[in-house]
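Asks: need a structure here:
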Amino acid sequence: MRNVNVPMGTYRWLFAWIPPVGISYMDRAIGRLTGRSQAPATIVPPPGANQSVVQRKATVAYPGYSHEYVRHLRGSVRGGVRVLPYPTKLQFSPKPNFRFVDIFHLHFVEIMGHDYGQTKELISELKTNGTKIVWTAHDLTPHFKHQEFFDPIFQLWAYAADGMIHHSHYGERRIRERYDFPDSTLHTVIGNRYRREHGDLNLEKKRAEFESQLGIAPAKIRIGLIGVPRAEKKVREFLDGVTLSTARDIQVVCWSLRPGETAPHDERIAIAEPYSWVYEHTHEKRLAVCDLIALPIDPDGEMLTSGFVVDAVAMGLGILASEWEYLTESAGEAAIPCGHSAESVAECLNALTVTDVVKARAASLELRSHLDWESAREPTLNFYQAVLDASS
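Replies: Residues are numbered from 1 along each chain as shown. Got it, this is the predicted structure:
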């Protein structure tokens, strides 16, 4: 019988790490097998290539190997490259020998630490060994800020990047305005993708059951505020907008208050709880009871992307969107303009109709058909190849 004191996530973590850790100890063997010193890596064979010639797959090292985003990315490129973990503070693995690594694919700068000198040493080691650096830009600076530490480190990575992946044209423009990149750095836009775990549309059939479990009454239009209360996320302003509005067909469920923050008293605010981490099945349940996800993001903040756009799309939900340009670019007609001040939220809610919600949800489902992780495989592998070709 399974030990009930050990969550299933623990087993999943062990199975995710045992194979790559074992492989990491064999990096010299991998180097011999792949023959990196004898032949350049090939991810996408060029047109007319002799298919009888054995092509060497590129090896890509990923810090944050078991992070949900990186895990899905690895799954999307499986078979196209060899993957290795790179150790970070909270995720152990032996450090690979960069002589046998073609690409170092960075995602979250903050998980590498905030030591400027150590960052310079790592970048120097990568460059000395001919390992190319690809960086997916998720933010201008970490969510917890500390720009005095991280802005110089972000700039180090910008100087060093051989290739940059952005989740939107807006994000590309913002990060290139803030940090200096060499003219040789390649840039591409590959939109964020939704997680399969959040995309079970059959859960909507259990809406009444989930409503009962959550202790909320049925509603014509239910709006969810979900996720970590980032500095740019104006949760309290949104709730104040609810109290200012005269809309009667709405119900708001909020699991995104800051610690110690309280919500205004209003019968239309059915749930108002501080954010806390929850298991995936709870997060999916919360998505499934909503019609719209509210994202009252300050457009002048330092966020470049939000996973809650694709969370909404995964479940076919509409989005109440602020003026943040990432939302207007990535959500398209699934977004209903709502602003991020109490006054603009109230105006939006007063005008909101069930027809608006139906249209936004239909647009979300259309987006969904193009945003699964399988669709990220080809552009990602093509970009890896472009980086290797440009550097050869």
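Asks: Enumerate the strands of this protein by residue range, in sequence order.
Replies: Counting by DSSP state E, the chain has strands at residues 59-63, 82-86, 103-106, 132-137, 163-166, 186-189, 221-225, 250-257, 269-274, 292-295, 318-321, 335-337.
Asks: May I see those strands arranged in CSV, with distance to Leu381 as well?
Replies: (C-beta placed from N, C-alpha, C; glycine too.) Shown next, in CSV, are these (distance: least, C-beta to C-beta, whole Å):
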stretch, distance to Leu381
strand 59-63, 10
strand 82-86, 12
strand 103-106, 11
strand 132-137, 12
strand 163-166, 12
strand 186-189, 12
strand 221-225, 35
strand 250-257, 36
strand 269-274, 42
strand 292-295, 31
strand 318-321, 30
strand 335-337, 30
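Asks: so which of these comes closest to Arg236?
Replies: strand 250-257 (7.7 Å; C-beta to C-beta).
Asks: Return the distance of that closest one from the chain's centre.
Replies: Distance of strand 250-257 from its chain centroid, counting by C-alpha atoms, centre = their mean, to the nearest Å, is 22 Å.
Asks: Not counting that strand itself, show me its contacts.
Replies: Contacts to strand 250-257, defined as C-beta atoms under 8 Å, 6 or more residues apart in numbering, come from residues 214, 216-217, 219-229, 233, 235-236, 239, 242, 263, 268-276, 278, 286, 289-290, 294, 349, 352.
Asks: Give me the sheet partners of it and which way each runs.
Replies: Note on strand 250-257: by DSSP bridges, its sheet partners are strand 221-225 (parallel), strand 269-274 (parallel).
Asks: buried sites along the longest one?
Replies: To tie it back to what came earlier, the one meant is strand 269-274. Of the residues in strand 269-274, 269-272 count as buried by neighbour count, 16 or more other C-beta atoms under 10 Å.
Asks: What mean pLDDT does that strand get?
Replies: What strand 269-274 shows for mean pLDDT is 98.
Asks: contacts for it?
Replies: Under the contact criterion C-beta under 8 Å, 6+ apart, strand 269-274 has outside partners 214, 216-217, 219, 239, 242, 251-255, 257-263.
Asks: filter those residues to the buried ones?
Replies: For those, buried by 16+ other C-beta under 10 Å: 219, 239, 242, 251-255, 257, 263.
Asks: Could you work out the most separated pair of those?
Replies: Within the buried ones among the contacts of strand 269-274, Ala219 and Leu257 form the most distant pair, 20.0 Å apart (C-beta to C-beta).
Asks: Which among the strands of the chain is found nearest to Gly199?
Replies: With respect to Gly199, and counting by C-beta to C-beta, the nearest of these is strand 292-295 at 14.1 Å.
Asks: Report the contact partners of Glu284.
Replies: Counting by C-beta under 8 Å, 6+ apart, Glu284 makes contact with 197-198, 200, 203, 315.
Asks: brain fart, Phe308
Replies: 226-227, 293, 295.
Asks: same thing but 6 Å
Replies: 227, 293 (C-beta atoms under 6 Å, 6 or more residues apart in numbering).
Asks: And Trp157, by the same measure?
Replies: Contacts of Trp157 (C-beta under 6 Å, 6+ apart): Trp135.
Asks: Over to Glu302?
Replies: Counting by C-beta under 6 Å, 6+ apart, Glu302 touches 140-141.
Asks: for Arg74, same thing?
Replies: Val83.
Asks: Distance-wise, check it relative to Thr246.
Replies: Noted for Arg74: a distance of 49 Å to Thr246, by C-beta to C-beta, to the nearest Å.
Asks: With Ser93 instead?
Replies: Applying C-beta to C-beta, the value for Ser93 to Thr246 is 56 Å.
Asks: Which one of those two is surrounded by more residues?
Replies: Between Ser93 and Thr246, counting by other C-beta atoms under 10 Å, Ser93 is the more crowded of the two (21 against 7).
Asks: Could you give the number of residues near the closest residue to the more buried one other than its chain neighbours?
Replies: Nearest residue to Ser93, sequence neighbours excluded (C-beta to C-beta, 6 or more residues apart in numbering): Pro85, at 4.0 Å. By other C-beta under 10 Å, the residues close to Pro85 number 26.
Asks: Mean confidence (pLDDT) on stretch 292-310, please.
Replies: The average pLDDT for stretch 292-310 rounds to 93.
Asks: State the distance spanning the first to the last residue of that stretch.
Replies: Stretch 292-310 has an end-to-end distance of 13 Å (criterion: C-alpha to C-alpha, to the nearest Å).
Asks: Tell me how the chain divides into domains.
Replies: Domain ranges of the chain: 8-193+373-391, 196-368, per automatic domain parsing.
Asks: By mean pLDDT, show me the worst of the ones you listed.
Replies: Among the domains of the chain, domain 8-193+373-391 carries the lowest mean pLDDT (a mean of 82).
Asks: just how off-centre is stretch 349-365 within its chain?
Replies: Stretch 349-365 sits 25 Å away from the centroid of its parent chain (C-alpha atoms, centre = their mean).
Asks: With stretch 213-225 instead?
Replies: 26 Å.
Asks: Can you show me the helices along the chain?
Replies: In the chain, the helices defined using DSSP state H lie at 8-24, 27-34, 68-77, 116-128, 147-160, 169-178, 207-214, 235-244, 280-288, 307-314, 325-330, 342-351, 354-368, 377-391.
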